[in-house]
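Novice: Need the 3D shape of this:
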Amino acid sequence: MRNTGSSTILCLSSYEKGQEFIREAKRQGWHVVFMTNEKMSGADWPRDCIDEFFVMPVLTVREHMINAVSYLARHNRIERIVALDEFDLEMAASLREHLRVRGMGETTTRYFRDKLAMRMRAQSRGVRVPEFSPIFNHDDLRSFMVRVPGPWVMKPRSSASAIGIRKITTAEEIWPIIESLGDQQSHYLLERFVPGEVFHVDSIVAERSVLFSLASKYGAPPMSISHEGGIFTSRTLPRKLREAKDLRKINREVIRGLGMVEGVTHAEFIRGREDGQLYFLEIAARVGGANIAEMVEAASGLNLWAEWARVELATEDDHYELPATRDVNSGIAITLARQEWPDLSGYVDEEIVWRMKRRHHAGLIVASTDEHRIEALLASYAERFHDDFHATLPVPENATN
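Specialist: Take a look at the predicted model:
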């Protein structure tokens, strides 16, 4: 379809997500060009809201992507480029740089993808982070392990979730792992393992200001769920709770320090069990995974995907304005299921506002003005899900398109 009139937004996604972003972009009157890889070409995309649909073998080859998008630009005035999935953020930044499209460039994007870059930047801005070391110079690494006793966690610098993370207890364990990584070892970092409760804060940012943020608490740390199995749960924290205010404050400091101008963020923090301090773990310039967006919507009334689109498409003459929000508590429970289509009909609590419809998964979201009711329901679902549905798979060593 030749488009020489309306403004065009190019959306990239290597995984199935962001449908509501696409719908909102179309509602805003933009010409929507969508690009995915062959693996996801048959996914449930909102094709009625997509003006041009393109498939690449993969979205990771920079030269191929620049050539393809530059060709599209001959007949489209591409004014926005957005990566709907975290693994496409750097490619989107590259394309923006090449086409000189507004939005985060490669340097700022690095702060939201590279765990080493974000830690160094946050630390330089006075944000507390667990002690860490890059894996460059082996003498420096040995000095770090003497100065910071184990256990540690070894993390890929650019993976998402708990993919590729390993917990290590002794120095003797580290060197064979590093040796096995070969030329890839510089793409990892070593960090002091901090036991404690893990939180996430999900935000909307416009014109460098955090206009909305919601603090939530994971049931068990995501790394523990990924590596040891269990039921994933999270619940929002009451807005007036001191802990929620502390989390929103450090979240603002991180976002400001890393240079976010506009968009959405999903940040994770941990409160150390030994010292009670909050530490920054990581942040991503995207909507949180594991259906956290639906949990946030149940609590606030805001769909983060749609609001992200509105932020991205705002102009100097038409600034983004945050809609009115509601203030209730919500929580989510999800498990990998041994049944292809788990039967959730036995779960009938009136607080249930969302039911997962995904093969080999079971999930519920609940909402209530009573925070204690949310806690009780999640505790109950964690036990029942384990008996009714729970299955496990090994965590992948890396992510592939």
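
Novice: what's the domain layout of the protein?
Specialist: The chain breaks down into these domains under automatic domain parsing: 8-103, 131-192, 196-388.

Novice: Run the chain-centre distance for stretch 352-364.
Specialist: 20 Å (C-alpha atoms, centre = their mean, to the nearest Å).

Novice: swap in stretch 93-108?
Specialist: Offset of stretch 93-108 from its chain centre (C-alpha atoms, centre = their mean): 20 Å.

Novice: So Ile204 is in contact with Ile255, correct?
Specialist: No. Using C-beta atoms under 8 Å, Ile204 makes no contact with Ile255, being 10.5 Å away. C-beta here means a position set from N, CA and C on the backbone, and glycine is covered the same way.

Novice: which residues are common contacts for the two?
Specialist: Common neighbours of Ile204 and Ile255, counting by C-beta atoms under 8 Å, 6 or more residues apart in numbering, are Val210.

Novice: Return, as residue ranges, the portions of the stretch 51-200 of the chain with sub-threshold pLDDT.
Specialist: 160-163 (pLDDT under 70).

Novice: Mind jotting down where the strands sit in it?
Specialist: 52-56, 78-83, 132-134, 152-156, 166-168, 188-192, 196-206 (DSSP state E, counting those that start in this stretch).

Novice: Redo those strands as JSON lines? Include mean neighbour count and distance to Ser6.
Specialist: Shown next, in JSON lines, are those (neighbours: other C-beta atoms under 10 Å; distance: least, C-beta to C-beta, whole Å):
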{"stretch": "strand 52-56", "mean neighbour count": "16", "distance to Ser6": "12"}
{"stretch": "strand 78-83", "mean neighbour count": "22", "distance to Ser6": "10"}
{"stretch": "strand 132-134", "mean neighbour count": "19", "distance to Ser6": "46"}
{"stretch": "strand 152-156", "mean neighbour count": "22", "distance to Ser6": "40"}
{"stretch": "strand 166-168", "mean neighbour count": "17", "distance to Ser6": "49"}
{"stretch": "strand 188-192", "mean neighbour count": "22", "distance to Ser6": "44"}
{"stretch": "strand 196-206", "mean neighbour count": "22", "distance to Ser6": "23"}
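
Novice: Pro342 versus the residue positioned nearest the centre of the chain, what's the distance?
Specialist: In the chain, the centroid-proximal residue (C-alpha atoms, centre = their mean) is Gly288; its distance is 3.8 Å. Going from Gly288 to Pro342 by C-beta to C-beta, to the nearest Å gives 23 Å.

Novice: And for Asp139?
Specialist: 52 Å.

Novice: can you check Arg384 too?
Specialist: Arg384 is 11 Å from Pro342, by C-beta to C-beta.

Novice: what's the nearest residue to Arg47 if we skip its chain neighbours?
Specialist: Phe53 (6.6 Å; C-beta to C-beta, 6 or more residues apart in numbering).

Novice: Tell me what that neighbour is bridged to.
Specialist: Beta bridges link Phe53 to Phe34, judged by DSSP bridges.

Novice: residue contacts, it?
Specialist: Applying C-beta under 8 Å, 6+ apart, the residues contacting Phe53 are 34, 45, 47.

Novice: Those into a markdown table, with extra columns for distance to Phe21 and pLDDT?
Specialist: Formatted as a markdown table, the contacts of Phe53 follow (distance: C-beta to C-beta, whole Å; pLDDT from 0 to 100):
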| residue | distance to Phe21 | pLDDT |
| --- | --- | --- |
| Phe34 | 10 | 98 |
| Trp45 | 11 | 98 |
| Arg47 | 15 | 98 |
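
Novice: Just the helices from the chain, written as ranges.
Specialist: Remark: helices assigned in the chain by DSSP state H are 19-27, 62-73, 89-99, 106-111, 115-124, 138-147, 171-181, 222-228, 242-258, 292-300, 304-313, 371-388.

Novice: which stretch among those helices comes nearest Glu282?
Specialist: With C-beta to C-beta as the measure, helix 115-124 is the member of the helices of the chain nearest Glu282 (5.8 Å).

Novice: Tell me the helices and strands packed up against the closest one.
Specialist: helix 106-111, strand 132-134, strand 188-192, helix 242-258, strand 278-284 (3 or more C-beta pairs under 8 Å, 6 or more residues apart in numbering; DSSP states H and E).

Novice: The stretch 301-401 of the chain: strands as residue ranges?
Specialist: 329-336, 352-355, 361-368.

Novice: Let me know the average pLDDT across the second one.
Specialist: In this case it means strand 352-355. For strand 352-355, the mean pLDDT works out to 98.

Novice: counting contacts, what elements does it pack onto?
Specialist: helix 292-300, strand 361-368.
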